[in-house]
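Student: Pasting a predicted model and its sequence here:
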Amino acid sequence: MNILALESGADSWGLAVVRIKDEALPLAITIETETRGLARSLFAALGSTLNVAQLELDELDALAVGTGPGSWTGLRVGMTAMKTLAQTKNLPIAGVPSFDPIAQSIWRARDDESPTLLLATGACRPGEWYGKLFECGEDYLGIAQSEWIGSTQLLADTISTEALARGLETPLLLAGAGSDSIAEILRARNEEYSLCQPPEEHLLIELAIAGAAAIQSGEASDPMTLSPLYLAPSNAERNLLNH
């Protein structure tokens, strides 16, 4: 399976073409740090990425797209493009929550097999973060708390409380944009933690793997109903509510 993966909800955006067979083989990866020109540059980047992968558009078998939470505009533009591509080329598409590839990449690279908790975070409103809490074990990765919005203090308290309830003594794992701020609180409380920031290339590969797994197991998304995971209103919606 040749699968195209797109993540467009973070501070940077990226495309990857990955061949999924016995293992995942990345054929080409493009990462762009300029997000304001996403609508203008996405399809040009798609063309250049396919050229590097030495594939034509018609040789793609499937699509995977990060569903957020994240940038309202970035998610809307990226997902609209991928849904349009799925419909025009009759390709199966899978929406993957954007924090899941982060957790999968960290879990896959772990040396310590002891159970612990992983908090993946992303930028939201000033003073607040998106968060998703995962439980990691030797042979499993599960969701301890689904995506939510909270202050730095709330996210720090949540992972600490959950660790205490589980009797965990291993360092807590922090990933994403809010990691440094949350780490300050844990450090002040003498709680052990580890900062984990997987390379963006790894996240795109994990996104492709997750999307391929969903499609192969019959859990492809309906492009007509697939939508971003918006936990917070857009700036336009907030401005409207304030008037």
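Tutor: Received it, and whenever you're ready, just let me know what you need.
Student: Got the phi and psi for Arg19?
Tutor: phi -100, psi 120 (degrees, to the nearest 10).
Student: Is Leu172 in contact with Ser194, as I believe?
Tutor: Yes. Between Leu172 and Ser194 there is a contact at 7.4 Å, judged by CB atoms under 8 Å. C-betas here are computed from N, CA, C, even on glycine.
Student: Of these two, which one has the most company?
Tutor: Leu172 (22 against 17; other CB atoms under 10 Å).
Student: Not including adjacent chain positions, what is the nearest residue to the most centrally placed residue in the chain?
Tutor: Residue closest to the mean C-alpha point of the chain, counted by CA atoms, centre = their mean, is Ser98 at 2.1 Å. Nearest non-adjacent residue to Ser98, counting by CB to CB, 6 or more residues apart in numbering: Gly66, 4.0 Å away.
Student: and that neighbour, how many neighbours?
Tutor: Counted with other CB under 10 Å, Gly66 comes out at 33.
Student: thinking it is in contact with Glu7, fair?
Tutor: Yes. If you go by CB under 8 Å, Gly66 and Glu7 touch, sitting 4.0 Å apart.
Student: so what sits against both of these two?
Tutor: Shared contacts of Gly66 and Glu7 (CB atoms under 8 Å, 6 or more residues apart in numbering): Gly78, Ser98, Pro101, Leu207.
Student: So which bits of the helix or strand containing Ser146 are buried?
Tutor: Assigned by DSSP states H and E, Ser146 belongs to strand 141-151. Buried residues in strand 141-151, counted by 16 or more other CB atoms under 10 Å: Leu141, Ala144, Glu147, Ile149, Gly150.
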